[in-house]
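Enquirer: here is a sequence together with a model predicted from it:
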Amino acid sequence: MYKYFIRIINEPFLFLDYLLSYFPGYLGIYLRRLIYKFRFKSVGKKYYSEIGLNITCAKNISIGDDCSFMRFSSINACNESEIKIGKNISVNYNVNINSSNGGSITIGNNVLIASNVVIRAANHNINKKNNLISNSGHSAGKIVIGNDVWIGSNSVILKGVNIGNGAVIGAGCVIFKNVAENEIILNSGQQILNKKRFE
């Protein structure tokens, strides 16, 4: 009974959060910049977000200077998890950055994240015999993305991955193992181009 009472008490705040997220125009951008300074663990100068950005457990999220988030993206860091985002980050439409269920995500400086990217630092447990996957909880890990990285559209970054500085992740890749500095990854099999960026 108590948990339902708490949910009802929180309804007005959820409504206000929804209004803030979808408030249009330059006034909406300014209001989000102003109010999110008090919601996040820390947020840098010139923070920019368009409508539809969904944030949960903002007190576990740090964002640096000159970061922008396009429409309908989400940042989630609940259940003893954290997200640290560096400076000069560009996040395009419909990106999901999610460390919930005990994970950790660190993104360096000058990173470009294209549309429909998923960065997820926890997976469902699948090895508990006689348990449904939906009842087996999660296995959390870390994701570290270096500086000057470009992540192409529709890519998925899984837990336990370290992406080195200067790496390029091609569109549609599933990244499940480490990527070295300046490597260019082409497809979901993590095929590596025969040369580095500057060769």
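Expert: Received the coordinates, thanks.
Enquirer: could you use CA atoms for every contact and neighbour count after this?
Expert: OK.
Enquirer: any low-confidence regions in this protein?
Expert: The chain contains residues with pLDDT under 70 at 1, 188-199.
Enquirer: biggest helix in it by residues?
Expert: helix 2-22 (DSSP state H).
Enquirer: helices and strands around it, which ones?
Expert: helix 25-39 (3 or more C-alpha pairs under 8 Å, 6 or more residues apart in numbering; DSSP states H and E).
Enquirer: ok and the helix it packs on relative to helix 2-22, angle-wise?
Expert: 140 degrees (axes from the mean of the first three to the mean of the last three C-alpha atoms, to 10 degrees).
Enquirer: helix or strand next in line after helix 25-39, which one?
Expert: For helix 25-39, the succeeding helix or strand toward the C-terminus, using DSSP states H and E, is strand 42-43.
Enquirer: partners of that next one, with directions?
Expert: strand 61-63 (parallel) (DSSP bridges).
Enquirer: how far does the strand it pairs with sit from the chain's center?
Expert: Distance, stretch centre to chain centre, for strand 61-63: 10 Å (C-alpha atoms, centre = their mean, to the nearest Å).
Enquirer: after that strand, which helix or strand is next?
Expert: Toward the C-terminus, strand 61-63 is succeeded by strand 68-69 as the next helix or strand (DSSP H and E).
Enquirer: other residues contacting that following strand?
Expert: Tyr47, Tyr48, Ser49, Glu50, Leu53, Asn88, Ile89, Ser90, Val91, Asn92, Tyr93 (C-alpha atoms under 8 Å, 6 or more residues apart in numbering).
Enquirer: isn't the fifth one right up against Ser73?
Expert: So that's Leu53. Yes. At 5.0 Å, Leu53 counts as touching Ser73 under the criterion of C-alpha atoms under 8 Å.
Enquirer: quick revisit: give me the subset of the contacts of strand 68-69 that lies in strands.
Expert: Tyr48, Ser49, Ser90, Val91 (DSSP state E).
Enquirer: which of the residues you listed has the most neighbours?
Expert: In terms of neighbours by other C-alpha atoms under 10 Å, the ones in strands among the contacts of strand 68-69 top out with Val91 at 24 neighbours.
Enquirer: show me the contacts for that residue.
Expert: Cys67, Ser68, Phe69, Met70, Leu112, Ile113, Ala114, Ser115.
Enquirer: nearest the geometric middle of this structure, what residue?
Expert: Ile97 (1.7 Å; C-alpha atoms, centre = their mean).
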